[in-house]
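Below are the sequence and a predicted model; questions follow.
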Amino acid sequence: MFSATRTAARTAAQAANRRNVSTIRETLKEIIPERQALLKQIKSEHGSKTLGNVTVEQVVGGGRGIKFMLWDPSVLDAEEGIRFWGRSIPECQRDLPTAPGGQEILPEAMFWYLLTGKVPTAEQTKQFQEELVSRSELPAHVEKVLDSLPKTLHPMTQFVIGVAALNHDSQFAARYKSGMKKAEYWEPALEDSLDCVAKSFTIAARIYLHSYKDGAANMAPVDKSKDLSANFATQIGFGDSEGFVELIRLYNSLHTDHEGGNVSAHTTHLVGSALSDPFLSYSAALGGLAGPLHGLANQEVLRFILGMQKELGDSPSDEQIVQYIWKTLNSGQVIPGYGHAVLRKPDPRFAALREFGNKHPETANDPVFRMVDSLFKVAPGVLTEHGKTKNPFPNVDAASGSLLYHYGLTQFPYYTVTFGTSRAIGALSQYVWDRALGLPIERPKSLSMEAILKLVK
Ligand SMILES: CC(=O)SCCNC(=O)CCNC(=O)[C@H](O)C(C)(C)COP(=O)(O)OP(=O)(O)OC[C@H]1O[C@@H](n2cnc3c(N)ncnc32)[C@H](O)[C@@H]1OP(=O)(O)O
Ligand SMILES: O=C([O-])CC(=O)C(=O)O
């Protein structure tokens, strides 16, 4: 299976060459020396300059605000939100290719863009999509492992296991073992990263069928003429819904990257710095994404909204929602989908998903989606009055689940898996650059309380 996947990928790349379209490898090969030179210049000209002091509060407060990591594909501004290689979300929506006849960014185009910093042409997007789809079949041992897991095992745990098991065929690990030179690291890192992203979509589909349907034995084969999102939608049984396919494209483009400090991206970077291959690095990241303060919040949002709907009905008044929020806060729980470690304004990813919901007539009037909107109207005021959170506004998780729910993907413990297919795209783009730039093993200094006291006295 492994060599079949490689052959298919090679065939797709050869077809691209015949069409005279530069492949992702050729494009990166051109860009990497420029970026290596820029890093060398930054180190030699500015290496001894400081980027800020570190306070004791930051050390015991989750490293908030410490400028600590090199991360190129995206940078987060607390007020404005995320920019991908300098482009805001609306600018990406304006500039990046969509599927033929579609309106939403293709995740494949976003992947190319995050890897290279350059907007792919429609032809480059098409051949990159073909290459990724040709890599999306799973090795037999991974199918076997996934199908043998208890159906009741949380979908994210299944995802961690499935992605880790891909490491069996890692080109990076095999080449490292046979003495690969450091300058070559990025090439198998890219190969594995492309495989990891493509196969993550298939693992995700398989987990859905295993956990919620009759199993994956009759899973639809990959259609090489379609994109990853359309294939995923078909495999889980929603391929006929144009709205759902477009939502999956948007969802997978928006959740890709949120600079380097978030738990899942940072984990990929940290584990990768030990030269663990992309599969092991991203599998570790999925464990972090599965935490309720991070990616799992989108499952928690749906649980919260449905609980509210059950208690208050489909059209509660603002006052009823306010009381419901206070009840939650007073019982010591967080309002899922609200607050953020860095952002201090509503998340532009939330805005993009809300816009999607409002522009499609079928979702615009959905009671669960309307509930998300009603919550958005009053929750920031209540959280401000509550006075604890530094950011009373919604994050991306506040809206995403309600849209999946509308289209019939109602098994909300599964929602973080769709987040995970997307985050692989961003986190592994930087993984490739980490190897291309030859970044060292990550090893910041830790301090005991006694050591802190000694330093501050
Ligand atoms: C894709 C993503 O990962 S986006 C984030 C998804 N997570 C969620 O939506 C879960 C709900 N939100 C939260 O728990 C937090 O806002 C986090 C984890 C996102 C950020 O945490 P922090 O940076 O520590 O937030 P902040 O500094 O504002 O926290 C201060 C206090 O406000 C509380 N707080 C923060 N957000 C909320 C919230 N949504 N509801 C209630 N209380 C909150 C914190 O728990 C903390 O209380 P404590 O002092 O008793 O520990
Ligand atoms: O940036 C963060 O800490 C959390 C977040 O929104 C993400 O990872 O998408």
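Great, that's in hand. Ligands and ions are numbered 1, 2, ... in the order given.

A helix includes residue 452, no?
Yes - assessed by DSSP: H, G, I helix; E, B strand; the rest coil, residue 452 belongs to a helix.

That one contacts residue 59, doesn't it?
Yes - judged on CB atoms under 8 Å, residue 452 makes contact with residue 59 at a distance of 7.0 Å. Using the backbone N, CA and C atoms, a C-beta is placed for each residue, glycine as well.

More neighbours: those two, which one.
Counted by other CB atoms under 10 Å, residue 452 and residue 59 do not tie: residue 59 has more neighbours, with 16 against 13.

What is the neighbour count of residue 359?
The local packing of residue 359 (other CB under 10 Å) involves 10 other residues.

Next, count neighbours for the residue in the stretch 101-250 of the chain positioned nearest to ligand 2.
Ranked by CB to the nearest ligand atom, the top residue of the stretch 101-250 of the chain for proximity to ligand 2 is residue 114, at 13.7 Å. A count of neighbours around residue 114, defined by other CB under 10 Å, yields 25.

how about it, phi and psi?
Per-residue torsions, residue 114: phi -70, psi -40 (degrees, to the nearest 10).

Can you give the distance from the longest helix seen in the chain to the centre of its chain?
Longest helix in the chain by number of residues (criterion: DSSP state H): helix 186-212. When C-alpha coordinates are averaged (CA atoms, centre = their mean, to the nearest Å), helix 186-212 and its chain have centres 13 Å apart.

Residue 62 versus residue 253, what's the distance?
According to CB to CB, to the nearest Å, residue 253 and residue 62 sit 28 Å apart.

I misspoke; the intended subject was residue 276.
Distance, residue 276 to residue 62, using CB to CB: 24 Å.

go on, residue 77?
Using CB to CB, residue 77 is found at 19 Å from residue 62.

more neighbours, those two?
residue 77 (14 against 11).

in this protein, which segments are predicted with low confidence?
Scanning the chain with the threshold set as pLDDT under 70 gives 1-19.

Grab the nearest non-local neighbour of residue 257.
Nearest residue to residue 257 in three dimensions, chain neighbours excluded: residue 426, at 2.7 Å (CB to CB, 6 or more residues apart in numbering).

hang on, isn't residue 390 packed against residue 339?
Yes - the pair residue 390 / residue 339 is scored as a contact, 7.5 Å apart, by CB under 8 Å.

Pick out whichever of the two has more residues nearby.
Taking neighbours as other CB under 10 Å, residue 390 and residue 339 compare with residue 339 leading, 19 against 13.

Now do the contacts for the more buried one.
Residue 339 makes contacts with 383, 389-393, 395, as judged by CB atoms under 8 Å, 6 or more residues apart in numbering.
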